[in-house]
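**Student:** got a structure for you, letters missing:
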Ligand SMILES: Cc1cc2nc3c(=O)[nH]c(=O)nc-3n(C[C@H](O)[C@H](O)[C@H](O)COP(=O)(O)OP(=O)(O)OC[C@H]3O[C@@H](n4cnc5c(N)ncnc54)[C@H](O)[C@@H]3O)c2cc1C
């Protein structure tokens, strides 16, 4: 799990949550605080100033680093973590005493639980264990993906650049001052083997303005992969004593940088609900978990869908649709209210801060 390259943008509420959990030391030392992003439309530039418009920035700190910090903190706490469990299965979460069974080193094990937190990602066993019909799924599969490349070079810009171009979307992102992450939109059926590093850099340069393309520092890919773009929500997020959290319950296209932040928000909510259950003997937080989480999830789904529609070029896009995108970009440039709406959503005005504060 530390080998996977994914999220990098943390909302201020996510940082606050990690602060409260006492695991943000390295994040503050090594994370990069960004006060805005750059939008590009066919080479024209417009900066969205988060600090001025929403009062907060975001922090760029890789998801693998967050995971490492959490694993270290858990090990230091002395709590038991079981890695490499096989054949994990969930039982009796519709009753008072649910169980998790797994096999480790050829031996069967069973954990007796009060509750099960299903935080095992989109392909995990938690959602798959729910009887058919008990959850309702809402889904949009977007007809394109992101081809991403990681390189050991300083980023082309201090802030993220989101570029909409006739040839498709491009994103210039980063993990640190020395490591950059770049993406180009590709058709859903594209194969990563067909993309040499040289082809990737050529395509990225074509989608950027001339000045940025010239400054771009390239190199061999440390990692290269294609991520599909999907919007998905499973309702409800609580089934008896099983709680779904993070990608197990919902997926957003990465354009709005919301997935990890939503997962953190769910866990923040769940943690508060369980503390209330054990501390105050109250079931209120647990009963409210699904509805409260879903309100935030749908807000993030809307924003991620909107950012995706604004910046990508779907197959068969016609002149009308492209001109609507242009008008949307001009609206963001001319209306402070429109720019503020983007800034609030991106930095997490609807995010975890509200649920844990
Ligand atoms: C290209 C890309 C860019 C992204 N950028 C951003 C961004 O900038 N900001 C952002 O907020 N989000 C971003 N995301 C989304 C983000 O990565 C996910 O939303 C986030 O990882 C969800 O966390 P999770 O813990 O719910 O699921 P996961 O990260 O999928 O973790 C689930 C874990 O459960 C484990 N697991 C599965 N099954 C079992 C089992 N049976 N037993 C034990 N363990 C199991 C898995 O091994 C895995 O470690 C991006 C995603 C992609 C693809």
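**Tutor:** Sure, I can see it. Note that the structure is predicted; figures quoted are calculated from it, not measured.
**Student:** What are the phi and psi values at residue 67?
**Tutor:** Main-chain dihedrals, residue 67, degrees, to the nearest 10: phi -60, psi -40.
**Student:** And it, how close does it get to the ligand?
**Tutor:** Separation of residue 67 from the ligand (Cβ to the nearest ligand atom, to the nearest Å): 8 Å. Bear in mind the C-beta positions are built from the backbone N, C-alpha and C, glycine included.
**Student:** neighbours around that residue, how many?
**Tutor:** 15 (other Cβ atoms under 10 Å).
**Student:** For the remainder of this discussion, apply numbering that starts at 47.
**Tutor:** Happy to do that; since the first residue is 47 now, the last one works out to residue 113.
**Student:** I'd like the distance between it and residue 391.
**Tutor:** Going from residue 113 to residue 391 by Cβ to Cβ, to the nearest Å gives 25 Å.
**Student:** try residue 163
**Tutor:** 27 Å.
**Student:** Out of these two, name the residue with the larger neighbour count.
**Tutor:** Neighbours were counted for residue 163 and for residue 391 using other Cβ under 10 Å; residue 391 has more, 22 against 18.
**Student:** what sits against that one?
**Tutor:** By Cβ atoms under 8 Å, 6 or more residues apart in numbering, the contact list for residue 391 reads 302, 345, 349.
**Student:** In contact with the spatially most central residue of the chain: list those residues for me.
**Tutor:** Centroid-nearest residue in the chain: residue 305, 2.3 Å away (criterion: Cα atoms, centre = their mean). If you count contacts by Cβ under 8 Å, 6+ apart, residue 305 has them with 52, 53, 292, 293, 297, 298.
**Student:** Closest to residue 281 out of the residues you listed?
**Tutor:** Closest approach between the contacts of residue 305 and residue 281, by Cβ to Cβ: residue 297, at 13.6 Å.
**Student:** these two touch, right, the closest one and residue 277?
**Tutor:** Yes - using Cβ atoms under 8 Å, residue 297 is in contact with residue 277, at 6.6 Å.
**Student:** which of the two has more neighbours?
**Tutor:** More crowded of residue 297 and residue 277, by other Cβ under 10 Å: residue 297, with 25 against 19.
**Student:** ok, residue 384 to the ligand distance?
**Tutor:** 22 Å.
**Student:** same check, this time on residue 127
**Tutor:** Residue 127 is 10 Å from the ligand, by Cβ to the nearest ligand atom.
**Student:** what residues are up against the residue of the stretch 147-296 of the chain found nearest the ligand?
**Tutor:** Across the stretch 147-296 of the chain, the shortest distance to the ligand (Cβ to the nearest ligand atom) belongs to residue 292, at 2.1 Å. By Cβ under 8 Å, 6+ apart, the contact set of residue 292 is 165, 167, 305, 308, 309, 312, 313.
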